[in-house]
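Q: any chance you can model this:
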Amino acid sequence: MVDKVEPSEVAGVFVVYFKGLEGSPLVEMKLELPRQLLMFKKGDKVTLELAESPISWGEKSDLHLRARIFGLKPIEGVSILYASAGGLQLRLSFKESSQRFQSLSKVYIAFKIMKETG
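A: Predicted structure coming up:
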């Protein structure tokens with residue numbers, strides 16, 4: 001879920017903070033996005049798919065990113081993955097057991113905003 005969205009120190013770039021929902025291996029994520037790609041707002045529920053190979057485009061996602069992992073760090077039962085997507089920073093924190101990526105490898109990420117029904 002999107003916890004907050006705020007401008008970064010770089011003009012035209014925003015930082016989106018996500019919190020993992022209960023039962024999710026994702027604890028939290030911080031993502032920099034340019035204004036042109038900013039589609040998230042506070043409170044949005046978002047599904048996230050991570051893969052080591054490209055994820056096909058389609059109705060299943062609203063945004064695709066390809067990033068290069070430049071660091072992995074375990075801290076207090078959480079694995080933190082640091083990556084760069086076109087020079088913009090991405091930081092994902094996972095429960096320790098869900099970490100499967102290696103430093104300097106590519107990671108593909110698809111985001112889908114869940115539409116409220118009712």
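Q: stretch 13-22: how far from the chain's middle?
A: Relative to the chain's own centre, stretch 13-22 is displaced by 7 Å; criterion: Cα atoms, centre = their mean, to the nearest Å.
Q: please apply the same query to stretch 32-50.
A: Averaged C-alpha coordinates place stretch 32-50 at 8 Å from its chain's average position (Cα atoms, centre = their mean).
Q: then stretch 9-20?
A: Centroid displacement of stretch 9-20 relative to its chain, using Cα atoms, centre = their mean, is 11 Å.
Q: so what touches that stretch?
A: 1-8, 26-35, 38, 40, 46, 48, 88 (Cβ atoms under 8 Å, 6 or more residues apart in numbering). Backbone N, C-alpha and C define where each C-beta goes, glycine included.
Q: check which residues of that stretch are buried.
A: Within stretch 9-20, the residues that count as buried by 16 or more other Cβ atoms under 10 Å are 13-18, 20.
Q: now, these that are in strands?
A: 13-18 (DSSP state E).
Q: could you show me where the strands are in this protein, in order?
A: Going by DSSP E, the chain shows strands at 2-7, 13-19, 26-34, 46-51, 63-75, 78-85, 88-95, 106-113.
Q: quick one, which of the contacts of stretch 9-20 are buried?
A: For those, buried by 16+ other Cβ under 10 Å: 2, 5, 26-27, 29, 31-33, 40, 46, 48, 88.
Q: quick check, nearest of those residues to K112?
A: V46 (6.7 Å; Cβ to Cβ).
Q: quick check: that closest one touching D3?
A: No: the pair V46 / D3 is not scored as a contact, 10.8 Å apart, by Cβ atoms under 8 Å.
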